[in-house]
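> Have a look at this prediction, sequence included:
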Amino acid sequence: MDEIKENPRAWKWLSDIDSKHWSRHKFSTNAKTDLVVNNISESYNAWILEAREEPMCTMMEHNRTKLMESISIKRDGAERDTWVIPPNYKKRLELEKKFASIFKVVCAGRGIWQVTCKDSQYVVDLDSRKCGYYKWDVTGVPCCHAIAAIHQFKHKPEDYISPYFTREKNIAAYEGMIMPIPDKTQWLKTDFHEVDPPLYHAQPGRLRKKRVKAQREPHVPERASKKASIRCSNYHTYGHNVKGCGLPIRPDWEARKGAKFTRHVSTSISRWISAKAANKSNSSRIKE
């Protein structure tokens with residue numbers, strides 16, 4: 001944060017956004033995640049990419065079919081799984097266990113513990129599943145302070161992980177299903193007037209297919225459609241042309257520019273004289 005404060009504009013831009021959207025210490029404890037990225041939306045956007053250019057009804061039917069198939073596959077996979085805790089959360093728990101042995105733990109009673117390490121000291125409440133470090137509250141996975149207290153209490157850390165990360169909850173998440181829909185020839189006929197689609201007005205310019213990038217979003221050369229790089233003809237370096245070159249213009253390049261301008265002027269004058277003569281010749285023929 002101190003590095004961000006050194007840039008006043010960046011700090012003002014960040015301060016205008018509610019800290020619960022970007023600071024982990026203000027995250028809600030309901031979601032049980034500490035991620036601050038939008039990978040889920042980006043993955044879903046790439047997943048439906050082929051349907052984005054289809055008409056509205058066709059696009060909705062395309063996405064509905066894909067979701068119906070995906071949920072069915074996830075449901076079958078969840079029922080076949082044998083793990084008690086998801087493997088990725090199991091790894092996080094094992095990583096926290098490695099740091100739990102360095103803490104000094106003292107019980108205050110009724111499931112409340114004091115966990116100390118050097119100058120740091122936190123309060124752990126095993127009954128409420130809370131820690132003063134706040135990591136356990138946000139992620140749902142016991143932190144190293146909580147694990148130190150759990151070990152002292154002769155319990156297993158796996159029993160204190162959030163129930164959201166159990167096999168039963170994973171199966172329950174995919175219990176619902178999206179029902180298949182027959183085609184429009186089998187739809188129920190009604191006496192209401194048919195709803196016409198809105199009038200289409202072609203907008204000027206080429207249709208935009210790429211998403212609008214956010215302000216100050218970094219440029220990724222690997223994703224750029226045009227791979228060719230600009231080469232400066234002044235000192236033959238890449239990334240800019242001669243107009244954007246910060247180095248002094250070479251003497252031979254100045255001579256080349258002058259010669260090019262002279263050739264351009266002389267060519268233009270010669271064309272003008274030839275056109276003048278041709279017009280004069282055509283005029284004389286018409287008079288005859």
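Okay, I see it. Numbering: from 1, shown residues only.

> hey, let's count contacts and neighbours off CA atoms from now on
Fine.

> Model confidence at the residue lying closest to Gly140 once chain neighbours are set aside, what's the number?
Computed as CA to CA, 6 or more residues apart in numbering, the closest residue to Gly140 that is not its neighbour in sequence is Ser162, at 4.8 Å. Note for Ser162: predicted pLDDT of 94.

> now swap in His240 and tell me
For His240, pLDDT reads 79.

> For it, give me its contacts.
Listed by CA atoms under 8 Å, 6 or more residues apart in numbering, the contact set of His240 reads Ile230, Arg231, Cys232.

> ok, now Ala10?
Contacts of Ala10 (CA under 8 Å, 6+ apart): Ile4.

> Then Val123?
Ile112, Trp113, Gln114, Val115, Cys131, Gly132.

> tell me which of these is nearest to Ile85?
Nearest to Ile85, judged by CA to CA, of these is Cys131 at 21.1 Å.

> Could you measure from the closest one over to Asp81?
31 Å (CA to CA, to the nearest Å).

> So which of these two has more stuff around it?
Per other CA atoms under 10 Å, whichever of Cys131 and Asp81 has more neighbours is Cys131, with 24 against 12.

> hey, what's that one bridged with?
Val124 (DSSP bridges).

> surely it meets Tyr122?
Yes. Between Cys131 and Tyr122 there is a contact under CA atoms under 8 Å: 7.0 Å.

> Please identify every residue contacting each of the two.
What both Cys131 and Tyr122 touch, as defined by CA under 8 Å, 6+ apart, is the set His145.

> quick one, phi psi at Gly109?
phi 110, psi 150 (degrees, to the nearest 10).

> what's the neighbour count on it?
8.

> From Thr116, how far off is it?
Taking CA to CA, one finds Gly109 at 16 Å from Thr116.

> try Leu199
Taking CA to CA, one finds Leu199 at 69 Å from Thr116.

> Tell me which of those two has more neighbours.
A direct count of neighbours by other CA under 10 Å for Leu199 and Thr116 places Thr116 higher, at 17 against 6.

> Phi first, then psi, for the residue lying closest to the more buried one once chain neighbours are set aside.
Excluding the flanking residues, the one nearest Thr116 by CA to CA, 6+ apart is Lys104, at 5.1 Å. When read as degrees, to the nearest 10, the backbone of Lys104 gives phi -100, psi 130.

> Same question for the one 4 residues further on.
Note on Ala108: its backbone torsions stand at phi -100, psi -10 [degrees, to the nearest 10].

> list the buried ones in stretch 140-159?
Neighbour counts over stretch 140-159 (16 or more other CA atoms under 10 Å) mark 140-150, 157-158 as buried.

> what's the span of that stretch, first residue to last?
Using CA to CA, the two ends of stretch 140-159 sit 12 Å apart.

> quick one, strands of this protein?
104-109, 112-117, 120-125, 130-131 (DSSP state E).

> export those to JSON lines and tack on distance to Ala214?
Formatted as JSON lines, the strands of the chain follow (distance: least, CA to CA, whole Å):
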{"stretch": "strand 104-109", "distance to Ala214": "47"}
{"stretch": "strand 112-117", "distance to Ala214": "43"}
{"stretch": "strand 120-125", "distance to Ala214": "40"}
{"stretch": "strand 130-131", "distance to Ala214": "37"}
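
> now for the ones you listed, which one comes closest to Met177?
Per CA to CA, nearest to Met177 of these: strand 130-131, 35.2 Å.

> pLDDT on the closest one, on average?
Rounded mean pLDDT across strand 130-131 is 94.

> any idea how far it is from the chain center?
Computed by CA atoms, centre = their mean, to the nearest Å, the chain-centroid distance of strand 130-131 equals 31 Å.

> what's the answer for stretch 12-30, then?
Counting by CA atoms, centre = their mean, stretch 12-30 comes out at 18 Å from the chain centroid.

> quick one: Trp187 from Ile181, how far?
9 Å.

> I misspoke; the intended subject was Tyr89.
From Tyr89 to Ile181 the distance is 37 Å (CA to CA).

> ditto for Tyr44
22 Å.
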